[in-house]
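Trainee: Everything below, folded, please.
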Amino acid sequence: MLSRTADHLYWMSRYTERAENTARMLDVNYQTSLLPQSAEVAKYGWQGVLSISELLPWYSKKYDQITPNEVMEFMVKDESNPSSIVSCLKAARENARAVRGALTTEAWETQNTTWLEVNRMLRAGDFERDPGQFFEWVKFRSHLSRGVTLGTMLQDEAFYFSRLGTFLERADNTARLVDVKFHALNSEFFGAATEEDQEYDFYHWSAILRSVSAFEVYRKVYRDVIKPERVAELLILRADMPRSLHASLVEVVNNLAKVQNEQSAETQRRAGKLLADLQYARVDEILATGLHAYLTQFLDRVNELGGRISQDFLVPAH
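Mentor: Predicted structure coming up:
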């Protein structure tokens, strides 16, 4: 398969997944901001959204202070911000258009309609009228895009590169989310919440779970009150939780095996090693060494994996 085609398919999926994850983060913060909480706690939440995407310095150049409206404006509508929802959906559509021939009509139509529709909605003021509804729509379009790909595309290299992009992006985003949200407790999290953390507790953890569609899953798996260490275990180590790091890495490894070439052995070995580390890890060990350190290292390794995939299969220097 041409490396340029593989490149477009891979990035089409990454940008679609990134738009969805941004919508999830903003939605949870928006819903939580409607709850009674101190101004300090509310500000932490919005700062966290910018930290997750490493956009705090960029935001600070444009705006004097962190306010919910300005953060949402920046993360949804600002085309100069490459991680905003509108920038991600535009990039996904541009990549899809470049490889129109490698996609089914349904897959292309889904990407194209999403882009046309988001522009119409933003012009009509739908986002300002009901942010929650808008975020749900972004998530729905991402689900639709994945479903159409799965349900209509031939399972060949085009399909596998598309899936690879989705799950590498998901692993990165879930790790960032867990890291920033646990970090909001102002400590290197070692598994013991202090008195000061009480204001966060139930709503904080249930918000994190909802942001990755894991609230019902948590209840089903643990049948107990929400505990931080169990949230960490569910989102990092459980292979049966669709947005966990473990589940994402299983997909990365499987799809890499389908597209392997003569130079990808080292990339596959590193992906396999990262998966093995997740398979055999225990949450108490992770918390004993510090969750932030663990996730920082995980993000470094996922980033390196992305770089190696680009080197082995895709057009260099994307």
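
Trainee: CA only for contacts and neighbour counts going forward, please
Mentor: Will do.

Trainee: Work out the gap between the longest helix belonging to the chain and the centre of the chain.
Mentor: Ordering each helix of the chain by length in residues (DSSP state H) puts helix 3-33 first. Counting by Cα atoms, centre = their mean, to the nearest Å, helix 3-33 is centred 6 Å from the centre of its parent chain.

Trainee: Residue numbering should commence at 358 henceforth.
Mentor: Okay, using 358 as the starting number, the last item reads as helix 360-390.

Trainee: Moving C-terminal from that helix, which element do we reach first?
Mentor: Sequence order places helix 396-409 as the next helix or strand after helix 360-390, per DSSP states H and E.

Trainee: what does that following helix rub up against?
Mentor: Around helix 396-409, the neighbours that count as contacts under Cα atoms under 8 Å, 6 or more residues apart in numbering are 382-383, 386, 390, 413, 416, 423-425, 428, 530, 533-534, 537-538, 541.

Trainee: ditto for stretch 594-602
Mentor: 527-528, 531-532, 569, 571, 574, 591-593, 603-605, 607, 635-636, 638-640.

Trainee: what about the strands in this protein?
Mentor: Using DSSP state E, the chain contains no strands.

Trainee: PyMOL command for the buried members of the contacts of helix 396-409?
Mentor: This is the PyMOL syntax for the buried subset of the contacts of helix 396-409, where burial follows 16 or more other Cα atoms under 10 Å:
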select buried, resi 382+383+386+390+416+423+425+428+530+533+534+537+538+541
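
Trainee: For R580, state which of the contacts of helix 396-409 is nearest.
Mentor: Set against R580, the nearest of these by Cα to Cα is K538 (22.5 Å).

Trainee: That closest one and S410, how far apart?
Mentor: Distance, K538 to S410, using Cα to Cα, to the nearest Å: 13 Å.

Trainee: what does L392 give?
Mentor: 24 Å.

Trainee: More neighbours: the two, which one.
Mentor: S410 (16 against 10; other Cα atoms under 10 Å).

Trainee: Not counting its neighbours along the chain, what's nearest the more buried one?
Mentor: Among residues not flanking S410 along the chain, S440 sits closest, at 7.3 Å (Cα to Cα, 6 or more residues apart in numbering).

Trainee: State the number of residues packed around the one you found.
Mentor: Here the number of neighbours of S440 (other Cα under 10 Å) works out to 21.

Trainee: contacting residues around A376?
Mentor: If you count contacts by Cα under 8 Å, 6+ apart, A376 has them with 440-443, 445-446, 495, 499.

Trainee: Output the residues you listed in JSON lines; the columns should cover distance to L473 and pLDDT.
Mentor: Below are the contacts of A376 laid out as JSON lines (distance: Cα to Cα, whole Å; pLDDT from 0 to 100):
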{"residue": "S440", "distance to L473": "18", "pLDDT": "93"}
{"residue": "S441", "distance to L473": "16", "pLDDT": "96"}
{"residue": "I442", "distance to L473": "13", "pLDDT": "97"}
{"residue": "V443", "distance to L473": "11", "pLDDT": "98"}
{"residue": "C445", "distance to L473": "13", "pLDDT": "98"}
{"residue": "L446", "distance to L473": "10", "pLDDT": "98"}
{"residue": "V495", "distance to L473": "13", "pLDDT": "97"}
{"residue": "S499", "distance to L473": "14", "pLDDT": "97"}
